[in-house]
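S.K.: curious how this folds, go ahead:
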Amino acid sequence: MTSTSTRTSAVSARGLTKRYGKTVALDSVDFDIPENIICGLFGRNGAGKTTLMSILTAQNFATSGQAWVYGEEPYENSRALSRVCFVRESQRYPDDARPVHAFAAARLFFPNWDDDFAQQLVAEFRLPLKTRIKKLSRGQLSAVGVIIGLASRAEVTFFDEPYLGLDAVARQIFYDRLLGDYAEHPRTIVLSSHLIDEIADLIERVLVVDDGALVLDEDADALRGRAVTVVGNAAAVDEFIAGREELHRENLGPVASSTVLGALSSDDTRRLERLHLTTSSVSLQELIVRFTQHSDQTGAVR
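M.R.: Here you go, the predicted structure:
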């Protein structure tokens with residue numbers, strides 16, 4: 001597992017731990033997220049993702065360990081918090097609040113707020129500005145958060161499941177506007193999502209949390225090249241993968257499909273031909289699923 005970077009770290013953690021009684025929500029988590037990248041934060045429900053983001057944005061307390069935003073602890077630190085935007089799935093608003101009120105408050109809080117961009121997004125998401133937020137649909141409520149997260153242009157923006165209730169068209173608008181605005185106004189964006197395939201082309205770094213532990217911290221491009229699936233006669237597959245670490249295996253009669261770690265060399269390619277085996281690439285979503293399953297079985301991912 002790698003976590004070093006030559007770039008300035010926008011967000012960092014060392015030994016970050018959170019316990020609720022006997023339940024360990026985060027277990028001694030260490031990482032550095034460089035500035036000006038889009039990072040995917042993945043994990044199963046209850047893995048600790050929201051807890052992690054809540055601590056990094058001072059909406060929760062760590063039991064032990066430390067967290068920093070641009071080198072400063074965020075808790076009770078208005079300077080650090082003014083650089084951060086946290087769009088969470090469970091965001092609450094006053095009963096009489098309308099989207100226009102939420103955007104007005106955001107305009108006051110975020111120094112880089114772009115009102116023209118916000119209004120463009122309101123039109124694209126077809127958001128009714130004067131309807132009470134508690135009367136909005138699930139997708140419209142998500143649109144409020146997405147608009148704040150994008151138009152804030154905060155130096156560090158966390159999106160926690162931002163797509164809930166958004167249809168496919170609205171999700172694509174979100175991804176397109178995020179990527180386009182990020183290109184013009186670079187900042188650090190952390191996307192927590194279960195729709196890994198949908199955001200795979202956006203992200204540059206991958207963090208995976210499983211059962212409170214950080215099991216993967218790697219550049220997305222490097223991760224994509226870390227595994228391959230080998231398919232063919234089971235005996236030939238076993239011969240080829242001998243000595244390799246197997247992430248996943250499926251058998252159907254005499255045919256086996258094995259996902260293994262390691263890039264293929266020219267010698268490997270010749271062996272595959274000799275053994276009459278075929279290979280297929282592994283999607284980022286499948287890799288993350290396999291790594292998570294593998295960590296459950298072995299307790300570690302290398």
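S.K.: hey, let's count contacts and neighbours off CA atoms from now on
M.R.: Fine.
S.K.: next one: phi and psi at the closest residue to Cys85 other than its chain neighbours?
M.R.: Spatially, and ignoring its direct neighbours in sequence, Cys85 is nearest to Thr157 (4.7 Å; C-alpha to C-alpha, 6 or more residues apart in numbering). Dihedral pair for Thr157: phi -120, psi 130, per degrees, to the nearest 10.
S.K.: next: Val84.
M.R.: phi -120, psi 140.
S.K.: could you give the bridge partners of it?
M.R.: Val84 has these beta-bridge partners by DSSP bridges: Val156.
S.K.: and Tyr20, by the same measure?
M.R.: Here Tyr20, judged by DSSP bridges, has bridge partners Thr23.
S.K.: residues contacting the residue nearest to Cys85?
M.R.: Counting by C-alpha atoms under 8 Å, 6 or more residues apart in numbering, Thr157 makes contact with Val84, Cys85, Phe86, Val87, Gly149, Arg187, Thr188, Ile189, Val190.
S.K.: near the fourth one, how many other residues are there?
M.R.: As a burial measure, the neighbour count of Val87 was computed by other C-alpha atoms under 10 Å and equals 23.
S.K.: what does the second one give?
M.R.: Neighbour count of Cys85, defined by other C-alpha under 10 Å: 23.
S.K.: which one's the longest helix in this protein?
M.R.: helix 168-184 (DSSP state H).
S.K.: list the buried residues in that one.
M.R.: Counting neighbours by 16 or more other C-alpha atoms under 10 Å, one finds that the buried residues in helix 168-184 are Ala170, Arg171, Ile173, Phe174, Tyr175, Arg177, Leu178, Leu179, Asp181, Tyr182.
S.K.: do the same with stretch 83-98
M.R.: In stretch 83-98, counting by 16+ other C-alpha under 10 Å, buried: Arg83, Val84, Cys85, Phe86, Val87, Arg88, Glu89, Arg98.
S.K.: please apply the same query to stretch 252-268.
M.R.: Ala256, Ser257, Ser258, Thr259, Val260, Leu261.
S.K.: mind listing what the closest residue to the last one other than its chain neighbours touches?
M.R.: Right, the one you point to is Leu261. Nearest residue to Leu261 in three dimensions, chain neighbours excluded: Ala227, at 4.3 Å (C-alpha to C-alpha, 6+ apart). Taking C-alpha under 8 Å, 6+ apart, we find Ala227 in contact with Thr259, Val260, Leu261, Gly262, Ala263, Ser281, Val282, Leu287.
S.K.: same deal with Lys49?
M.R.: Lys49 neighbours (C-alpha under 8 Å, 6+ apart): Leu41, Phe42, Gly43, Ser192, Val209.
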